[in-house]
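Novice: Generate coordinates for the sequence data below:
(chains A, B, C and D)
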There are 2 protein chains.
Amino acid sequence: MLTTTVPQRSSAPFPHREPLARPDDEGRWTADIGCKTCAMAALCTRSPIDRLTHERLNDVVQCVRTVHRGHALYRPGDAFGSIYAVRAGSFKTVVMHREGHEQITGFGIIGDTLGIDGIASGRHSCEAIALEDSAVCVMPFDLLEMLCREVKTIQHHVHQMLGAEIVRESTLMMLLGTMTAEERVASFLADLSQRWEARGYSAAAFTLKMTREEIGCYLGLKLETVSRTLTKLQRRGLIHACGKDLRILDIDGLRKLATDVGPASFRGQPHRQAFGYAPETRLPEYRPGGH
Amino acid sequence: MLTTTVPQRSSAPFPHREPLARPDDEGRWTADIGCKTCAMAALCTRSPIDRLTHERLNDVVQCVRTVHRGHALYRPGDAFGSIYAVRAGSFKTVVMHREGHEQITGFGIIGDTLGIDGIASGRHSCEAIALEDSAVCVMPFDLLEMLCREVKTIQHHVHQMLGAEIVRESTLMMLLGTMTAEERVASFLADLSQRWEARGYSAAAFTLKMTREEIGCYLGLKLETVSRTLTKLQRRGLIHACGKDLRILDIDGLRKLATDVGPASFRGQPHRQAFGYAPETRLPEYRPGGH
DNA sequence: CGGTACGTTGATGGTGCTCAATTTACGTGG
DNA sequence: CCACGTAAATTGAGCACCATCAACGTACCG
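Specialist: Residues are numbered from 1 along each chain as shown, chains lettered A, B, ... in the order given. Here you go, the predicted model:
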């Protein structure tokens, strides 16, 4: 299986990574490896599909492309031709303004789909950067569209995938528009945990492939605020963060922080801030917002 | 043309609106009125299409539905069956958390598409509320999907529409994640102006159908901040805001504010705030951020 | 060992939120 | 018609949250 031949230890420093099953100079690997061989195929489609449909989808994946850490899978302005399914590794997608204004719109981990930002205009509007040495399935979009016209279930899958991205972004907009720093970080960790769990990994312990600055850029916070908030959550006994290694000690507590928000007039009240910077090791009872 | 039979004077008080070409109790109007009769058809599809394709699309629009001010076109949890094109009036789309936490994800004006948030799960994830008495074309999604399988150009239109929504939301995320209050309001006004212009209306003068609170909820600000920022922009001579009537005096100045942002370390510097609350009627030269 | 990238923590101040008062406009009912 | 209640908008005062600036510790290579 490919997922075992691609380097997954992201701790390997970029310029000194071990030799891979070497693709060409452009980082493209033209071996014919489709969904049949991929452990994550079910995740790409996000719902059960019959074997025949699966085989047809398999034909769309014509090659696997590897992207090294720090390199771009595509850049803004690149012609849009394919969408990509992450087979190994992880990515960040970044929208840019001129003059260094940028916002990370998402982190793609194994099983996620990348590249759909190019559908609208035929050119990519954002940038997908590998956070570690990674590999994606390349699915030419015109082939996929052709298949959509033939197979109703596949058409449905594609529409659901696009729809899910729209809903995901709405949720993130609410986070950016209405949540405090603490709620944002808690949401972020709870979401990551749930996604790893859905992929068969541990929900309680995983490695953050992104830096504090990238987390902040995603959540609309500065890196110092992210760092401080992580320590605060740790003092409350909700998580244990040691550098990029993260252990979640109280997932329910995190979820409560992320969603159980009182009316705006209750947030930021002085008496609720009273113990905000007090030397707390583990509060006996923490009341997030409500009763 | 329908657009002339539907009440467009939103200033008419809600309970005293004049009698419409009356729909049934549910607000549904089953008259067979399709794209052929709609002046906004070109906007629905957003790109030139041939006459034959147009006629096929026409078959999908099976009825027009009217929605009165303050009422919902659909609510979270409603079964998803159709997408809607705004023929007259305007809407807000709202994502909700429990306990009154809400975020407006967009304002739909004439020619915009609503309802695609339901594609992912088969149920709507947000709420579309009419800001004034409005009318939408109802397009059953299964019919549209069927047509997509037959006509490649229509398939392309649908994919582009979904893709455009994804890109729109990315842009909004950047606004929410990185911009100051002033930049957000300027972006909002410049965007609205551009959209009205694209629909053949004046880019320089239009009516805001939404309240200050709704603008704030969309931009991630409080209503007081929106109000203060509008007055500030007015004092600078960029706009003239009289209640809900808005005139744009310097669209280039607005766009500059919205996009021409220096590095973060330059924003919010004391010397740039110095004249922030000074009694300014119209500054001879205003330097937004750059050189 | 020195350079760089990353992370943590502290001190300080600004942007925008909160609370509050006032004005205007609108719809309802007297 | 005017009085009244409600919703919307504007403006002011105070301060909380988070950004900014800064110092320091650590890990990882060259």
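Novice: Can you pull up the most central residue in chain A?
Specialist: For chain A, the residue nearest the mean C-alpha position is A:Phe107 (2.7 Å; C-alpha atoms, centre = their mean).
Novice: these two touch, right, it and A:Phe91?
Specialist: Yes. Under the criterion of C-beta atoms under 8 Å, A:Phe107 makes contact with A:Phe91 at 7.0 Å. The way it works is simple: take the backbone N, C-alpha and C, and place the C-beta from them, glycine included.
Novice: Find residues that contact each of those two.
Specialist: Common neighbours of A:Phe107 and A:Phe91 (criterion: C-beta atoms under 8 Å, 6 or more residues apart in numbering or on different chains): A:Leu131.
Novice: circling back: so what's the residue nearest to the centre of chain A bridging to?
Specialist: A:Lys92 (DSSP bridges).
Novice: How much space separates it from DNA strand C?
Specialist: Relative to DNA strand C, A:Phe107 is positioned 14 Å away (C-beta to the nearest atom of the strand, to the nearest Å).
Novice: Isn't A:Gly81 up against A:Phe141?
Specialist: Yes. With contact defined as C-beta under 8 Å, A:Gly81 reaches A:Phe141; the gap is 6.3 Å.
Novice: neighbour count winner among the two?
Specialist: Neighbours of A:Gly81 and A:Phe141, each counted by other C-beta atoms under 10 Å in any protein chain shown, are more numerous for A:Phe141; the result is 20 against 15.
Novice: is it true that that one touches A:Ile83?
Specialist: Yes. Between A:Phe141 and A:Ile83 a contact is recorded at 5.8 Å, counting by C-beta under 8 Å.
Novice: Give me the common contacts of the two.
Specialist: With C-beta under 8 Å, 6+ apart, A:Phe141 and A:Ile83 have common neighbours A:Ile119.
Novice: rewinding a little: and the residue nearest to the centre of chain A, how close does it get to chain B?
Specialist: As for A:Phe107, its distance to chain B is 13 Å (criterion: C-beta to the nearest C-beta, to the nearest Å).
Novice: what are the ranges of the helices in the stretch 1-150 of chain A?
Specialist: A:2-5, A:41-45, A:51-60, A:141-150 (DSSP state H, counting those that start in this stretch).
Novice: which of those has the lowest average pLDDT?
Specialist: With a mean of 35, helix A:2-5 has the lowest mean pLDDT of these.
Novice: what does the stretch 51-200 of chain A have sitting close to DNA strand C?
Specialist: Within the stretch 51-200 of chain A, no position is near DNA strand C by C-beta under 7 Å from any atom of the strand.
Novice: Low-confidence stretches in the stretch 51-200 of chain A?
Specialist: A:98-100 (pLDDT under 70).
Novice: what about 80?
Specialist: A:51-55, A:62, A:98-101 (pLDDT under 80).
Novice: How about the residues of it by DNA strand D?
Specialist: A:Thr180, A:Ala181, A:Glu182.
Novice: Of these, which is the most crowded?
Specialist: So for these (other C-beta under 10 Å), the most neighbours sit at A:Glu182, 19 neighbours.
Novice: Using just helix, strand and coil, how would you label that one?
Specialist: The three-state label for A:Glu182, taken from DSSP: H, G, I helix; E, B strand; the rest coil, comes out as helix.
Novice: thought it was touching A:Leu230?
Specialist: No. With contact defined as C-beta under 8 Å, A:Glu182 does not reach A:Leu230; the gap is 10.2 Å.
Novice: Now do the strands in chain A.
Specialist: Under the criterion DSSP state E, chain A contains strands at A:28-29, A:63-67, A:72-74, A:82-88, A:91-96, A:102-108, A:113-114, A:127-130, A:134-140, A:205-207, A:239-242, A:245-248.
Novice: what pLDDT does the closest residue to A:Arg184 other than its chain neighbours get?
Specialist: Nearest residue to A:Arg184, sequence neighbours excluded (C-beta to C-beta, 6 or more residues apart in numbering or on different chains): A:Leu219, at 4.3 Å. On pLDDT, A:Leu219 comes in at 98.
Novice: Against chain B, how distant is A:Asp142?
Specialist: Taking C-beta to the nearest C-beta, one finds A:Asp142 at 10 Å from chain B.
Novice: tell me the contacts of that residue?
Specialist: A:Gly81.
Novice: Look up how far B:Phe188 lies from A:Arg51.
Specialist: A:Arg51 is 50 Å from B:Phe188, where distance means C-beta to C-beta, to the nearest Å.
Novice: again, but for A:Ala181
Specialist: For A:Ala181, the distance to B:Phe188 - C-beta to C-beta - is 24 Å.
Novice: How about A:Thr171?
Specialist: Distance from A:Thr171 to B:Phe188, by C-beta to C-beta: 21 Å.
Novice: Which one's more surrounded, the two?
Specialist: Shown here are A:Thr171 and B:Phe188; by other C-beta under 10 Å, B:Phe188 has more neighbours (22 against 17).
Novice: That one: what's its closest spatial neighbour, skipping adjacent residues?
Specialist: B:Leu219 (6.0 Å).
Novice: per-domain residue ranges of chain A.
Specialist: A:2-14+A:22-174, A:180-273 (automatic domain parsing).
Novice: With distance to B:Arg247 as new columns, can those domains be given to me in TSV?
Specialist: Converted to TSV, the domains of chain A look like this (distance: least, C-beta to C-beta, whole Å):
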stretch	distance to B:Arg247
domain A:2-14+A:22-174	27
domain A:180-273	32
